[in-house]
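Engineer: mind folding the following:
(one chain, ligands or ions: 2)
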Amino acid sequence: MQILITGAAGYIGSHVVKQLLEETNYEIIIIDNLCTGFENTIKTLNSLDTSNERIKFYNQDLSIWNEVEEVFKENDIKEIIHFAASLVVPESVELPLKYYLNNTANTSNLVSLAVKYGVKKFIFSSTAATYGEPDKKFIPVNETCPTSPINPYGNSKLFSESVIKDTAFANDDFKFVILRYFNVAGADIEEKIGQSTLNATHLIKVAAEAALRKREKMAIFGDDYDTEDGTCIRDYIHVQDLADAHLKALEYLESNPSDTFNCGYGYGYSVKEVIETMKKVSGVDFQVDIVPRRAGDPSTLISDNTKIKTKMNWVPKYNDLELICKTALEWEKNI
Ligand SMILES: NC(=O)c1ccc[n+]([C@@H]2O[C@H](COP(=O)([O-])OP(=O)(O)OC[C@H]3O[C@@H](n4cnc5c(N)ncnc54)[C@H](O)[C@@H]3O)[C@@H](O)[C@H]2O)c1
Ligand SMILES: O=c1ccn([C@@H]2O[C@H](COP(=O)(O)OP(=O)(O)O[C@H]3O[C@H](CO)[C@H](O)[C@H](O)[C@H]3O)[C@@H](O)[C@H]2O)c(=O)[nH]1
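Structural biologist: Residues are numbered from 1 along each chain as shown. Ligands and ions are numbered 1, 2, ... in the order given. Take a look at the predicted model:
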């Protein structure tokens, strides 16, 4: 059975490929243009493939639609996990079209090829940013909470969700699972892979870099939010638990209808708490400045994860902020 994974040279996709290699027999077709992913990650994944024949890598930009179609012609793809995207919230405010083109337009094309070539299962990386700034009465947010993104990144993903849902409504054979990730962090416990993103903006990676003196200092973007300590609250999920949700989603679609699921732990930490935790696990007291708010940041995002736990039997194993920070730090030492 062949599965197409877009964006597998990146952070989350590479963790999913590692689990697919370990726990399934899929032949894995990868499309990635290496714009934020790494050839080295593909090499590592190849080294984990003991058969040496389960991974086929296309260094391909999803926006070159006719070339992407050739990948479908050359293979027999029946399942897709679509990670490839642009995903930096503040950048999306500056460069909205980059996000609508790379996220919404390229997803639309991929979905149209999926239907044309008889793909049965489509797993999509969506985001908590689709909820925008949820009203307090909706926190923790469940999947029926109104979606109302407050930045172009969230909009580009919500539009993609509509493309996928409307397509499935009109095509009985095309089924989807939309996974709305909350804040993904940490690295493979075996330290084979991790987040290598250049010029990283994600809080836990930035804090790990500061702890290792790769940065002189870091900043907290705003301490005047309506939260207990004034800094934003997020629900941080370990990347391996998230990867497991993708394998569960493939299984789930064998005998269940298309659906949308939150992926998070259901508990929020403030920016200050995360930084304190990184200081504790690293034993390094790095400099932290308080600076003004960053554009596009909602104050609080916490998931209600009841649905994925009950319907997919997803059982998180790494629900521990210290462990998340520690694995991120260990990986950061390797790169
Ligand atoms: N990291 C998070 O906290 C987070 C949270 C919510 C949702 N997500 C979603 O998860 C997915 C993966 O994110 P990630 O953190 O692994 O990011 P990443 O940047 O590490 O990975 C994205 C991968 O997609 C590739 N890519 C991007 N545009 C492409 C294109 N046009 N053609 C081919 N390849 C392309 C990149 O080279 C990279 O390897 C994204 O869809 C993102 O929106 C991430
Ligand atoms: O150096 C930093 C980096 C971040 N933050 C703060 O830390 C929080 C988390 O920021 P991240 O950049 O780590 O993550 P975001 O919540 O902005 O966004 C992430 O999670 C979202 C879902 O919640 C999206 O899916 C998105 O793709 C992903 O980047 C925010 O309040 C941000 O202002 C800082 O104070 N300093």
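
Engineer: what about the helices in the stretch 51-200 of the chain?
Structural biologist: 65-74, 89-94, 96-99, 106-116, 152-170 (DSSP state H, counting those that start in this stretch).

Engineer: quick check: Ala208 touching Leu329?
Structural biologist: Yes. Counting by CB atoms under 8 Å, Ala208 touches Leu329, with 4.7 Å between them. All C-beta spots, glycine's among them, are computed from the backbone N, C-alpha and C.

Engineer: related to what we said a few turns ago, just tell me which of the helices of the stretch 51-200 of the chain ends up closest to ligand 1.
Structural biologist: The minimum distance between ligand 1 and the helices of the stretch 51-200 of the chain falls on helix 106-116, with 5.5 Å, by CB to the nearest ligand atom.

Engineer: by contact count, what packs against that closest one?
Structural biologist: The contact analysis (3 or more CB pairs under 8 Å, 6 or more residues apart in numbering; DSSP states H and E) places helix 106-116 against helix 65-74, strand 77-82, strand 121-127, helix 152-170.

Engineer: got a list of contacts for that helix?
Structural biologist: With CB atoms under 8 Å, 6 or more residues apart in numbering as the test, helix 106-116 has contacts from 6, 62-63, 65, 68-69, 72, 77, 80, 82, 84-85, 119, 122, 124, 160, 163-164, 167, 171, 174.

Engineer: and the angle for it with strand 77-82?
Structural biologist: Relative orientation of helix 106-116 and strand 77-82, computed by axes from the mean of the first three to the mean of the last three CA atoms, to 10 degrees: 160 degrees.

Engineer: CA atoms of helix 106-116 as PDB?
Structural biologist: Extracted C-alpha coordinates of helix 106-116, given in PDB (Å, rounded to 0.1, in the frame of the first residue of the first chain):
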ATOM      1  CA  ASN A 106      -1.800  24.100  -3.200                       C
ATOM      2  CA  THR A 107      -4.200  22.100  -1.000                       C
ATOM      3  CA  SER A 108      -7.000  22.600  -3.500                       C
ATOM      4  CA  ASN A 109      -4.900  21.300  -6.300                       C
ATOM      5  CA  LEU A 110      -3.700  18.300  -4.200                       C
ATOM      6  CA  VAL A 111      -7.300  17.500  -3.300                       C
ATOM      7  CA  SER A 112      -8.300  17.700  -7.000                       C
ATOM      8  CA  LEU A 113      -5.500  15.200  -7.900                       C
ATOM      9  CA  ALA A 114      -6.500  13.000  -5.000                       C
ATOM     10  CA  VAL A 115     -10.100  12.700  -6.400                       C
ATOM     11  CA  LYS A 116      -8.800  12.300 -10.000                       C
END
